[in-house]
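**Q** with the input below, show me the fold.
(2 chains)
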Amino acid sequence: MADFTAEVFQNEFLPDGGTDLHAIVRVTSTGASAAGSGTAPIAPGSAAEVILIDTSGSMGRRGVQAAGEAAKAALAEITDGTLFSIVSGNGTAQIIYPYSHQGALVPMSSHTRGEATRAIEGLRAQGGTAMGTWLTLARQIFATVPHVTKRHAILLTDGVNEGETPQSLAAAVQSCIGVFQCDCRGVGDQWRVEEVRGIASALLGTVDLIPAPEEMAAEFEAMMRASMARGVANAELRVWVPQGAELLFVKQVSPTLEDLSSRRTEVNPLTGAYPTGAWSDESRDYHVAVRLPARTLGQEQLAARVQITLGGEPVTQALVKARWSNDEALTTRIDPAVAAYTGQAELAQMIQDGLAAKASGQDEVATAKLGRAVQLASATGNEEMTTRLRKVVEIDDADTGTVRLKKGVTKIDEMSLDTASTKTSRVRR
Amino acid sequence: MTDTPTGAPASAPLPAAASEATQPGERSCPVCGAANPAEASFCEACGNDLNAPGATLPPSGLPQASLFPQAVAPAGMPSGGPSPAAAGGPVAQAGAAGQAGQAAPVSHDGAGAAADGLVAVATPQTAPAGEESPLDVGWTGPVPSAAVGGADAGDDTLCQACGLGHIVDGYCDHCGTPPPDPRFHVTDAAATWVGGVCDIGKRHTRNEDAMALRAAEPAGSRAVLVVCDGVSMATDSHIASLAAAQAARGVLDQPFPKGAGTPDAWAAAAGRALTLAVHEANAAVSVTVDDDVPNPPSCTFAAAVVEDGIIVAGNVGDSRVYWFPDADAEPAAQLGRDDSFAQEEMTNGVSRVAAESGPHAHSITRWLGKDSPDDLTPHLTTLTPTSGWLMVCSDGLWNYCSEAEDLRNLLRERAARVGEEPVVLAQSLVDFANEQGGRDNITVALARLAGQGSNDTHGAAETAAPEEGAPING
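**A** Numbering: from 1, shown residues only, chains lettered A, B, ... in the order given. Predicted coordinates:
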């Protein structure tokens, strides 16, 4: 069984009259992958995988062929015993495997893997793109196995969702929340990062760019391997704050940025639960901000209790404390983890805002936002992000954030910057 | 005590200050009566929410309504109990203010208590009925659950701050408040004639004072009063002071050997016992800490023993023993003297007010601890008193009233107000110090002597009496 541990990074000291407390809670799971995958075949029917492949006309023969190769690579990674299904999507969605007489899902075996491979080879590119219908079909597939707790899908697309209204897509995404997790990948430069990020984010998955079709197979393999490694399903983050306090936000800040605040479900008036999906052996950081009524100097208070629960049972917790002091040496210190993640969150926001402004022709706004992003990336030593930014802007002075928009930037570079913006670099203590 | 004061110590503003119950700008806790700074959100003594309805907005500027959506509890409801009217919020303990015994809500600018905080007399006896035992009238802090009757009895995880949550992992699961450290406020009614209060004060986050009392009936027969004040500059001095006080009491608890049965022999034995108590206390402090701690814990020592009406007192450091005779003709006196820079300055002719407000007024020249000076012989005094009060106190009290005569006046004034039960009177003096600012931990231990001790009361002391009536001067 998986072990969870939690540790807190915070400065608990608040100045006289201080009300806002920030803390980073790092949750680490060990033994989670052993719980679900690895060498031994898993118990049949304890996990389910659905692969959603874009087969719209824009994919073309080469695209569909590459997607097929990618799907086959993913199949190779699916542990025997795992229930799986392959869906081809364009303006509508169809299960291409298992065959209709087999039901919506079949357990993986060498036999079914072979059949699935042959089914994939029959894929043809045609029609439009309506991802909502794909997701809806995936939801229906998962609904046939209500006892399976670990449900994961991979969605591959190459284009804009133009086969349905945005409202229709949003409704489909909404109906899938909590039903399954979905990692999304876009291939080429014709898809919209914002759109696909919305799906991945709501369905507790990742989003990334696959620049060229031939890179798909490796990406699918990695994605599926990661999914198979997640042996713990449906862990919940719970945050308690005391009576009279206000929970300002709960964000996942590592490995990716996700504001979880809006996903709160109430456990009781003082406690909210936030879905975190499945866990492998990994570590995730959460940023919790609480506003407390100020107490008198010297007083101490529990500001938040952060727990991970499995099936409603807490498996680890961290205590966020507040203590009021008039010692400025204590109260003015900002915890390095809090500072770093606050900076990374702003960096992500600046990149996304800057690229959006650029896309809508607001060059001045884009220059200012991306300039600030360059400044933040430079100040925090985030060289990877600086490199990506450099492909979009000419950096005159990183310290002051003085930049010029580059001419003739490839769309792929912008998209790669956009998708990378929410990936954070782990903060060390 | 021996920390460097952040501001000049207030000279004792007597008697005006003593007659004021609560300073303007302060607010009394409606539950326990302790005085709190005007900006306080929670009572420093009991953790009660001072911003419950009827009180002021919290300084954070957060909307009151959303923070404290609870109903006002009916007056007289025990604050520890859950409120039927407040299923979703903390009990509004302000409701209990209405029954504060001597409390006289003061109206400020016509706005009344609701606008300016509840201002009430800070003397004890204002705890809601049902929360205190008759023996615990000096209580200003939370009552141990064992002492609380009714539904709360036996539930020692119930939060004493909000009364709604339970202590889980060291904090209330409703309001987040940790349970108060029992050291924050200690009362000991050792006997009908001996009692003391040891209080955290209002500025410190830790109570480094410690008190150890023991007394037998009848009055005047035998009592031990020990007060130790941890040095705040040192590490873990709160552990040191308690260890010292208890070790000293252990030594002094034994009847003094009578020797040849003469007064001189008794005085010599008493003196030896006090010296031994200091050394045992010193040893107890030293074992609280590992070797080579840069700032080893240390504390002061002040003790008085009453045996068959006779007093022997001794001190190291600047905690004090006072004798306050009832008769005006007899002078009030500090027994022994401080080991402090202030005392040295006074010896050199500097006035008490000047010396005790100087920058090093709180630096002591002798203390108990690993790094203590070699000579730890206490300043000894033996005295056969008339009727009056014996007091052992820390500088948390005398900082605000140092002269023996001033302190006698203060004590009389307080006694006229609250009566002569020792623990009640000690609490009243602690309240006084808190009203003056409570900058340090405060300990006051008192013994009421009727004069000639057990001779007058014919108390058949368990121990053989020394030569009766013979005055001994040390």
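
**Q** going forward, measure contacts and count neighbours with C-alpha atoms only.
**A** Will do.

**Q** assign residue A:377 to helix, strand or coil.
**A** helix (DSSP: H, G, I helix; E, B strand; the rest coil).

**Q** need the pLDDT of it.
**A** At residue A:377, the model reports a pLDDT of 90.

**Q** tell me, how many neighbours does the residue lying closest to it once chain neighbours are set aside end up with?
**A** Nearest non-adjacent residue to residue A:377, counting by Cα to Cα, 6 or more residues apart in numbering or on different chains: residue A:386, 5.8 Å away. For residue A:386, the count of nearby residues is 20 (other Cα atoms under 10 Å in any protein chain shown).

**Q** ok now stretch A:257-269, how far from the chain's centre?
**A** 15 Å (Cα atoms, centre = their mean, to the nearest Å).

**Q** can you tell me what sits against it?
**A** With contacts defined as Cα atoms under 8 Å, 6 or more residues apart in numbering or on different chains, stretch A:257-269 is touched by A:201, A:249-252, A:272-275, A:345, A:422-424.

**Q** can I get stretch A:259-277 in PDB, CA atoms only?
**A** Extracted C-alpha coordinates of stretch A:259-277, given in PDB (Å, rounded to 0.1, in the frame of the first residue of the first chain):
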ATOM      1  CA  ASP A 259      -5.600  26.600  -9.200                       C
ATOM      2  CA  LEU A 260      -7.800  24.100  -7.400                       C
ATOM      3  CA  SER A 261      -9.900  26.700  -5.500                       C
ATOM      4  CA  SER A 262     -12.900  26.300  -7.800                       C
ATOM      5  CA  ARG A 263     -12.900  22.500  -7.500                       C
ATOM      6  CA  ARG A 264     -13.700  22.600  -3.900                       C
ATOM      7  CA  THR A 265     -16.400  20.400  -2.500                       C
ATOM      8  CA  GLU A 266     -17.500  20.900   1.000                       C
ATOM      9  CA  VAL A 267     -16.800  18.200   3.500                       C
ATOM     10  CA  ASN A 268     -18.000  20.400   6.400                       C
ATOM     11  CA  PRO A 269     -18.200  24.100   6.800                       C
ATOM     12  CA  LEU A 270     -14.600  24.300   7.800                       C
ATOM     13  CA  THR A 271     -13.200  21.700   5.400                       C
ATOM     14  CA  GLY A 272     -13.000  21.600   1.600                       C
ATOM     15  CA  ALA A 273     -12.000  18.600  -0.500                       C
ATOM     16  CA  TYR A 274     -10.100  18.900  -3.800                       C
ATOM     17  CA  PRO A 275      -9.700  16.000  -6.200                       C
ATOM     18  CA  THR A 276      -6.000  15.200  -7.000                       C
ATOM     19  CA  GLY A 277      -6.600  12.100  -9.200                       C
END
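
**Q** what does the pLDDT read for residue 409?
**A** Assuming you mean chain A. 87.

**Q** not quite, I wanted chain B
**A** 96.

**Q** sorry, back to before: among the contacts of stretch A:257-269, which lie within helices?
**A** A:201, A:345 (DSSP state H).

**Q** quick one: the contacts of stretch A:257-269 as CSV, columns for pLDDT and distance to residue B:336 too.
**A** Formatted as CSV, these follow (pLDDT from 0 to 100; distance: Cα to Cα, whole Å):
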residue, pLDDT, distance to residue B:336
A:201, 92, 75
A:249, 96, 61
A:250, 96, 61
A:251, 95, 63
A:252, 95, 65
A:272, 96, 62
A:273, 96, 64
A:274, 95, 66
A:275, 93, 69
A:345, 90, 65
A:422, 87, 72
A:423, 86, 71
A:424, 84, 68
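
**Q** which of the contacts of stretch A:257-269 come close to chain B?
**A** With Cα under 8 Å from any Cα of the partner chain as the criterion, those include none near chain B.

**Q** got a quick ChimeraX command for the buried subset of the contacts of stretch A:257-269?
**A** Only the buried entries of those go into this ChimeraX selection, using 16 or more other Cα atoms under 10 Å in any protein chain shown:
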select /A:201,250,251,252,272,273,274,275,345,422,423,424
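
**Q** ok, the contacts of stretch A:257-269 vs chain B, which is closest?
**A** residue A:272 (14.0 Å; Cα to the nearest Cα).

**Q** can you list the domains in the chain?
**A** Unless you meant another one, I'm taking chain A. The record's domain parsing of chain A by automatic domain parsing lists A:3-35+A:233-333, A:47-229, A:337-420.

**Q** switch to chain B, that's the one I care about
**A** Split by automatic domain parsing, chain B gives B:22-122+B:143-179, B:182-457.

**Q** ranking these by burial, who's on top?
**A** Looking across the domains of chain B with neighbours counted as mean count of other Cα atoms under 10 Å in any protein chain shown, the highest average goes to domain B:182-457: a mean of 23.

**Q** scan chain B for its longest helix.
**A** Max-length helix for chain B by DSSP H is helix B:263-286.

**Q** in which helix or strand does residue A:319 reside?
**A** strand A:313-324 (DSSP states H and E).

**Q** give me the contacts around that strand.
**A** Residues outside strand A:313-324 that contact it (Cα under 8 Å, 6+ apart): A:3-8, A:10, A:12-16, A:18, A:21, A:23, A:25, A:294-309.

**Q** distance from it to the middle of the chain?
**A** How far strand A:313-324 lies from its chain's middle: 25 Å, per Cα atoms, centre = their mean.

**Q** go on, stretch A:173-189?
**A** On the basis of Cα atoms, centre = their mean, stretch A:173-189 sits 10 Å off its chain's mean C-alpha point.

**Q** ok, now stretch A:90-110?
**A** 26 Å.

**Q** what residues does it touch?
**A** A:44-45, A:48, A:54-57, A:78-88, A:112, A:115-116, A:119-120, A:126-131, A:133-134, A:137, A:141, A:144, A:163.

**Q** what do you get if the cut-off is 7 Å, keeping everything else the same?
**A** Stretch A:90-110 is contacted from outside by A:44-45, A:54-56, A:79-88, A:116, A:119, A:127-130, A:133-134, A:137, A:141, A:163, using Cα atoms under 7 Å, 6 or more residues apart in numbering or on different chains.

**Q** returning to what we had before: counting by contacts, list what the longest helix of chain B packs against.
**A** On a contact count with 3 or more Cα pairs under 7 Å, 6 or more residues apart in numbering or on different chains; DSSP states H and E, helix B:263-286 meets helix B:237-252, strand B:368-369.

**Q** tell me the mean pLDDT for it?
**A** The predicted model gives helix B:263-286 an average pLDDT of 91.

**Q** one more: stretch B:213-233?
**A** Mean pLDDT, stretch B:213-233: 92.

**Q** so it, near chain A or not?
**A** No. With Cα under 7 Å from any Cα of the partner chain as the criterion, chain A is not reached by stretch B:213-233; the gap is at least 15.0 Å.

**Q** quick one: terminal-to-terminal distance for that stretch?
**A** Stretch B:213-233 has an end-to-end distance of 26 Å (Cα to Cα, to the nearest Å).

**Q** can you pull the contacts of the residue in the stretch 251-400 of chain B positioned nearest to chain A?
**A** Closest to chain A within the stretch 251-400 of chain B is residue B:396: 17.9 Å, counting by Cα to the nearest Cα. Residue B:396 makes contact with B:1, B:433, B:440, B:441, B:442, B:443, according to Cα under 7 Å, 6+ apart.

**Q** what of residue B:216?
**A** Residues in contact with residue B:216 (Cα under 7 Å, 6+ apart) are B:191, B:222, B:223.

**Q** ditto for residue B:249
**A** Counting by Cα under 7 Å, 6+ apart, residue B:249 has contacts B:212, B:224, B:226.
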